[in-house]
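>>> with the sequence up front, the predicted model follows.
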Amino acid sequence: MSLSFWYPLLLTSLLFMQTLADTSCTDCLINSRASYYPNSDEQGTSVGACGFGSFGATLNGGDVTAASDLYRNGVGCGACYQVKCTNSAYCSDKGVTVVITDQGSGHNTDFIMSKHAFTGMAQTIDAAANLLALGVVDVEYRRVSCSYSNKNITIKIDESSGNPHYLAFVIWNQQGKRDITAVQLCETQNFVCKLLDRDHGAVWATTSPPTGPLSLRMLFSDDEGEDTWVVPPNNIPQDWKAGDIYDSGIQVTQ
Ligand SMILES: *[C@@H]1O[C@H](CO)[C@@H](O)[C@H](O)[C@H]1NC(C)=O
């Protein structure tokens, strides 16, 4: 048998092994560092750069974080990460799951966590005190699915909005581990759609929004470059106003 017979087969199996390696590595732990907000209480924050508002304060039991590179100009807002510190004397195996609600960097950290999240990486209360005393610790992290049991994706109309000239909103309770990379609003009568801008963080906005009840479309992108438009069953009603909260009627698990 000549080499030219075996070569395509060899190439195929090499490519296959490469694919396997890549797939398993979306779950790989990445080395970094983490610190905490010294002035944070046991809650999250309602003033983070993501613009989550009151949702950010109670989110994930207060296990929230500011991110530097992982903030990704706001695309990272709402993404969940498992973060574990690596000092085996103090740190638990499981670490903590945090949600990005803010932007921040310093001391070569990827995460500046709430105190609640930072101490949540410790094995015991005493170990937590030791971690706080260290201030900055080595960590390993990976992206994980967010989960908000018994909640649909929810639309909170931002306080800056004024019907009918300016509409801004934040998307709360998105499960899974995909990014929302584009948002459209479509009129329900004639299907005229308008692409929104990411105003800042997780806040999507448009001047002169389409009129009537508005159908929302969200583009979900995964880390393999797969894009999917998700269209929830519930519309944003015509008389939307600042501060309103709407149940989209849909949730995602991936
Ligand atoms: C989510 O939306 C569905 C309709 O699509 C509704 O039946 C369900 O009650 C909603 N769940 C919550 C927790 O609001």
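Received it, and whenever you're ready, just let me know what you need.

>>> okay, and the beta partners of residue 146?
The bridge-partner assignment for residue 146, based on DSSP bridges, gives residue 176.

>>> kindly report the same for residue 206.
On the basis of DSSP bridges, residue 206 is bridged to residue 167.

>>> residues contacting it?
166, 167, 168, 185, 194, 196, 197 (C-beta atoms under 8 Å, 6 or more residues apart in numbering). To be clear about C-beta, it is placed using only N, CA and C from the backbone, and glycine gets the same treatment.

>>> if we ignore the residues flanking it in sequence, what's nearest residue 34?
residue 111 (4.1 Å; C-beta to C-beta, 6 or more residues apart in numbering).

>>> confidence score at that neighbour?
For residue 111, the pLDDT comes out at 97.

>>> distance of it from residue 215?
Using C-beta to C-beta, to the nearest Å, we find residue 111 at a distance of 36 Å from residue 215.

>>> which of those two has more neighbours?
residue 111 (26 against 19; other C-beta atoms under 10 Å).

>>> spit out the contact partners of that one.
Going by C-beta under 8 Å, 6+ apart, residue 111 touches 32-35, 65-67, 70, 81, 83, 98, 139, 141.

>>> out of the contacts of residue 206, which is most surrounded?
residue 167 (26 neighbours).

>>> residue 55 versus that one, what's the distance?
18 Å.

>>> again with residue 61
In terms of C-beta to C-beta, residue 61 sits 13 Å off from residue 55.

>>> quick one: which of these two has more around it?
Taking other C-beta under 10 Å, residue 61 and residue 55 do not tie; residue 55 has more neighbours (22 against 15).

>>> rewinding a little: export the contacts of residue 111 to TSV and tack on pLDDT?
What follows is those, written out as TSV (pLDDT from 0 to 100):
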residue	pLDDT
32	97
33	98
34	98
35	96
65	94
66	94
67	97
70	97
81	98
83	98
98	97
139	98
141	98
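
>>> who are the contact partners of the nearest residue to residue 70 once chain neighbours are set aside?
Closest residue in space to residue 70, ignoring its immediate chain neighbours: residue 76 at 4.8 Å, by C-beta to C-beta, 6+ apart. Going by C-beta under 8 Å, 6+ apart, residue 76 touches 67, 70, 100, 179.
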